[in-house]
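A.B. asks: let's see this in three dimensions:
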Amino acid sequence: MSQITKRFDAGDPEPVFFGSHRRAQAVLVPIATWEKLLARAEDELDLDRARRRLAERRPWLSDEDLDAAMASAARKASGRA
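C.D. replies: Numbers count the residues shown, from 1 in each chain. Below you'll find the predicted structure:
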């Protein structure tokens, strides 16, 4: 493991695959790579969620209704409801 972390510290971005019987079962990646992958996955999930919501064709709140709902939620959260 220390050799792998030294590689990553030196800037080597290549992932390290390991497993048994010539079959990869896991992978180690530098933390910067992991963070990029995680951000991309979160973006994809958000995009998928937005597409599903748009496809539902539910009635949307007007800007005024949304502002009122947000103000009400803020009052409730601050204990001034």
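A.B. asks: before we move on, which element is the spatially most central residue of the chain in?
C.D. replies: In the chain, the residue lying closest to the centroid (Cα atoms, centre = their mean) is Glu42, at 2.5 Å. Of the helices and strands defined by DSSP states H and E, Glu42 is found in helix 31-55.
A.B. asks: and the helix or strand just after that helix, average pLDDT?
C.D. replies: Later in the chain than helix 31-55, the nearest helix or strand by DSSP H and E is helix 63-78. Helix 63-78 carries an average pLDDT of 91.
A.B. asks: just stretch 45-60 next, same as before
C.D. replies: 87.
A.B. asks: now that stretch, how far from the centre of its chain.
C.D. replies: 17 Å (Cα atoms, centre = their mean, to the nearest Å).
A.B. asks: cool, stretch 22-42 as well?
C.D. replies: Going by Cα atoms, centre = their mean, where stretch 22-42 is centred and where its chain is centred differ by 13 Å.
A.B. asks: buried stuff in it?
C.D. replies: Neighbour-count burial for stretch 22-42 flags Val29, Pro30 (criterion: 16 or more other Cβ atoms under 10 Å). All C-beta spots, glycine's among them, are computed from the backbone N, C-alpha and C.
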